[in-house]
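K.L.:
Give me the fold of what follows.
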Amino acid sequence: MATGTAVAPKKGVISLHRLGVLCGLGAGAWLGAAEAPTKLVTLGFSPFLISLGMVVGVFVARWTLPMALKGTTYVFRDLREKPHLIAWAILAGALWAVANTLTIFAIRDIGLSVAFPLWNTNSLVGLFWGVLLFKELRGAGSGPWTKVLGGAVAIVVGACILGLATSQQPAGLSERAGAGIAAALGAGLLWGTMYIPYRKAYISGMNPLSFVTIFTVGELATVGILTISFVGGFTRFTHELASLRSSLFWLFLGGFCWVIGDLFQQYAAKYVGIARGIPLSNTNQLWGLAWGALVFGEFQGKGTTYQVMVIIGSLVIVLGAVAISRAEAPHSEQASWRSAMLRECGRYGMDPARVEAALKGDDPLSRETPKRAWWEFLIVVVALVIFVWLAFGTVTPDLSMNPFWMAVLVLATLAVLAVCTAVLWKRTRFS
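P.N.:
Next comes the predicted model:
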């Protein structure tokens, strides 16, 4: 819910719609960077082990960042106020874990630059659920509907172009290409459905930082079960995990980056809705394309037709996402969103005024929470120690990488982080 009611922001203060757009674009940068370490799958490591390595980093980050930004007391009080959302957060984490594992299979079979746009069809799924369950686009009029539906069609067309592009690969990869397409589209379906708990949480006034803290429980449990089951039991799992020790740092770092992107994505879902916020975060396909093509050289040795189709397909999907993001919610649609919020308040006995304040970027709970204790920052220290421990013994992956473009993309991603964090803090204090 972007504003709940039509209240103009104070002079010099960014509107919640623009804030949501900015967070969505910031999510795209960090979600794209997070997928780079999964290229380790091309070295023969199990996709399940790679997914587990990322999720361990995700688990540490999802507990460390919320504590550092708001404090453990704040997070637990927020959860106690809305206990019905705990189960939804765990479910969302489980869906994420399965989807993330599928993306690794997709990267192995069809490459990062092609897989990214295919699983970003999750925006269509999110659009469907947003309209059906949360009254997004209700009463919006022909303008926003045209932009959103036109963007949705563009996303489908772009995905089809990318699917056809895989047929330009060598004949020996034809069977794996089909499996890769299926894995990428399956991930898109699961990630699109995952946004139901997201939106349900935020129209209930829950802080995204609190939501992701429980979200990670479902992630870690699910990917742990999947890995042990498919690798061949616990003994086999520990043996293969030991063989991955020298590369765990990169996967851990990838998981940490993913959390930063996901947090921005959750703020986008909160302030502009999933029908608009998810396409914005799907600009990660541009970053994925850049990492795949510029850093890892995925275009090398491919025919001109393949390269042109991948570029055109990616641009078409981006244009569709841009069209959707420009469909700002009019007052009539905001009224529909507010009715969805009131429905949740009535169902779970929450205070509508308090929830609506949170949806406008205010943070009533923060004013009622005592100052953080010094010992809470020990969690940050523990996270840093884990990073340092994993860094020892780490070796550079035997992958062909372009150091110049890697440096450029890293600096650009850090710049996006600085801008988005500063604006989000100034406008909402991470509410």
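
K.L.:
Give me the longest helix you can find in the protein.
P.N.:
Determined from DSSP state H, the single longest helix within the chain is helix 174-202.

K.L.:
buried residues in the helix or strand following it?
P.N.:
Using DSSP states H and E, the helix or strand that follows helix 174-202 in sequence is helix 208-231. Of the residues in helix 208-231, 208-220, 222-224, 226-228, 231 count as buried by neighbour count, 16 or more other C-beta atoms under 10 Å. Heads up, the C-betas are built off the backbone N, CA and C, glycines and all.

K.L.:
Nearest the middle, which residue of this structure would you pick?
P.N.:
The centroid of the chain falls nearest to residue 262 when counting by C-alpha atoms, centre = their mean (3.7 Å).

K.L.:
Quick one: distance of the helix or strand where residue 250 lies to the chain centre.
P.N.:
Residue 250 belongs to helix 248-272 when assigned by DSSP H and E. Counting by C-alpha atoms, centre = their mean, to the nearest Å, helix 248-272 is centred 6 Å from the centre of its parent chain.

K.L.:
quick revisit: from the contact counts, what lies against the longest helix of the chain?
P.N.:
helix 84-110, helix 112-119, helix 122-134, helix 208-231, helix 248-272, helix 274-281 (3 or more C-beta pairs under 8 Å, 6 or more residues apart in numbering; DSSP states H and E).

K.L.:
tell me the most buried of the ones you listed?
P.N.:
Ranked by mean neighbour count, these are led by helix 274-281 with a mean of 31 (mean count of other C-beta atoms under 10 Å).

K.L.:
looking at this structure, which helix or strand is least sure?
P.N.:
Every helix and strand in the chain was compared by mean pLDDT, DSSP states H and E; the lowest is helix 112-119, with a mean of 74.

K.L.:
any idea of the angle that one forms with helix 84-110?
P.N.:
Interaxial angle of helix 112-119 relative to helix 84-110 (axes from the mean of the first three to the mean of the last three C-alpha atoms, to 10 degrees): 140 degrees.

K.L.:
name the helices or strands packed onto helix 112-119?
P.N.:
Counting contacts by 3+ C-beta pairs under 8 Å, 6+ apart, helix 112-119 is packed against helix 84-110, helix 142-165, helix 174-202, helix 284-290, helix 304-325.

K.L.:
With mean pLDDT and distance to residue 400 added, can I get the ones you listed in CSV?
P.N.:
Below are the helices and strands packed on helix 112-119 laid out as CSV (pLDDT from 0 to 100; distance: least, C-beta to C-beta, whole Å):
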stretch, mean pLDDT, distance to residue 400
helix 84-110, 88, 15
helix 142-165, 79, 21
helix 174-202, 86, 20
helix 284-290, 79, 16
helix 304-325, 81, 17
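
K.L.:
who wins for proximity to residue 346 among those?
P.N.:
helix 84-110 (12.8 Å; C-beta to C-beta).

K.L.:
got the angle between the closest one and helix 208-231?
P.N.:
50 degrees.

K.L.:
Test my guess that residue 110 contacts residue 184.
P.N.:
Yes - using C-beta atoms under 8 Å, residue 110 is in contact with residue 184, at 7.1 Å.

K.L.:
Overlap of the contact sets of the two?
P.N.:
Taking C-beta atoms under 8 Å, 6 or more residues apart in numbering as the contact rule, residue 110 and residue 184 both touch residue 118.

K.L.:
So, low pLDDT: which residues of the stretch 251-400 of the chain?
P.N.:
The stretch 251-400 of the chain contains no residues with pLDDT under 70.

K.L.:
among the helices and strands packed on helix 174-202, which is nearest residue 404?
P.N.:
With C-beta to C-beta as the criterion, residue 404 lies closest to helix 112-119 of these, at 18.2 Å.

K.L.:
what about the closest one, distance to the chain center?
P.N.:
Here the centre of helix 112-119 is set off from its chain's centre by 14 Å, with C-alpha atoms, centre = their mean.

K.L.:
tell me the angle that helix makes with helix 304-325.
P.N.:
Put simply, helix 112-119 runs at 40 degrees to helix 304-325, going by the same axes, to 10 degrees.

K.L.:
After the host helix or strand of residue 50, heading C-terminal, what element do we hit next?
P.N.:
Applying DSSP H and E as the criterion places residue 50 in helix 47-70. Next helix or strand after helix 47-70 toward the C-terminus (DSSP H and E): helix 72-81.

K.L.:
Only C-alpha atoms, please: export that following helix in PDB.
P.N.:
C-alpha atoms of helix 72-81 as PDB (Å, rounded to 0.1, in the frame of the first residue of the first chain):
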ATOM      1  CA  THR A  72      16.300  -7.100  18.500                       C
ATOM      2  CA  THR A  73      13.800  -5.600  20.900                       C
ATOM      3  CA  TYR A  74      12.000  -3.800  18.100                       C
ATOM      4  CA  VAL A  75      11.900  -6.900  15.900                       C
ATOM      5  CA  PHE A  76      10.500  -9.200  18.500                       C
ATOM      6  CA  ARG A  77       7.900  -6.600  19.600                       C
ATOM      7  CA  ASP A  78       6.800  -6.200  16.000                       C
ATOM      8  CA  LEU A  79       6.400 -10.000  15.700                       C
ATOM      9  CA  ARG A  80       4.500 -10.300  19.000                       C
ATOM     10  CA  GLU A  81       2.000  -7.700  17.700                       C
END
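
K.L.:
i'd like the first residue to be 377 from this point on
P.N.:
Let's use 377 as the start, then, which means that last one is helix 448-457.
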